[in-house]
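>>> I would like to see how this sequence folds:
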Amino acid sequence: MDYFNSSKSSLFRFEALQTYEVASEDMSDSGMKDWWDFIKTKSSAGIIMQRVRLVTEPYTKYTTKELELHKKSTLYGDDIRIIKEESFKKLDILLQDFWLIDDSQVLLMNYSRDGNYIN
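Numbers count the residues shown, from 1 in each chain. You can find the predicted model right below:
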């Protein structure tokens, strides 16, 4: 979280997977409170929080829940955009989860095929 805490201007996230297997992730409103507080703090400090979420149809249960949470995240200052798979394929770019911090540091997020975080 040090990269995120030290950001000065922007945090951008691209999410490509349809399911993320995070055993400790609590996707309830109370479980999201710390994250939403973080977004609110960053946004209040003028730091731009953006996210693009790739979606395929039909939605997985995880994607459905995450999209519900994204709606709430926008209330705290997260600018979230959705791109459908058909549109993404036309871009002809690498399908890779990542964070871009202050438009200068890229943190590649590596996951197994079943959504487990590797590094």
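>>> can I get the CA coordinates of the helix-or-strand element of the chain with minimal mean pLDDT in CSV?
Least confident element among the helices and strands of the chain, by mean pLDDT, DSSP states H and E: helix 2-5 (a mean of 85). As requested, the backbone C-alpha atoms of helix 2-5 are provided in CSV (Å, rounded to 0.1, in the frame of the first residue of the first chain):
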residue,chain,number,x,y,z
ASP,A,2,3.1,2.3,0.2
TYR,A,3,2.9,3.1,-3.5
PHE,A,4,-0.8,4.0,-3.1
ASN,A,5,-0.2,6.1,0.0
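>>> Point out the other helices and strands that the very next helix or strand once past it packs with.
Following helix 2-5 in sequence order, the next helix or strand is strand 10-15 (DSSP states H and E). Here strand 10-15 touches strand 48-55, strand 97-101, going by 3 or more C-beta pairs under 8 Å, 6 or more residues apart in numbering; DSSP states H and E. (C-beta placed from N, C-alpha, C; glycine too.)
>>> Parallel or antiparallel, list what pairs with the longest one.
The one in question is strand 48-55. Applying DSSP bridges, strand 48-55 is found paired with strand 10-15 (parallel), strand 78-84 (parallel).
>>> Good, we can wrap up now.
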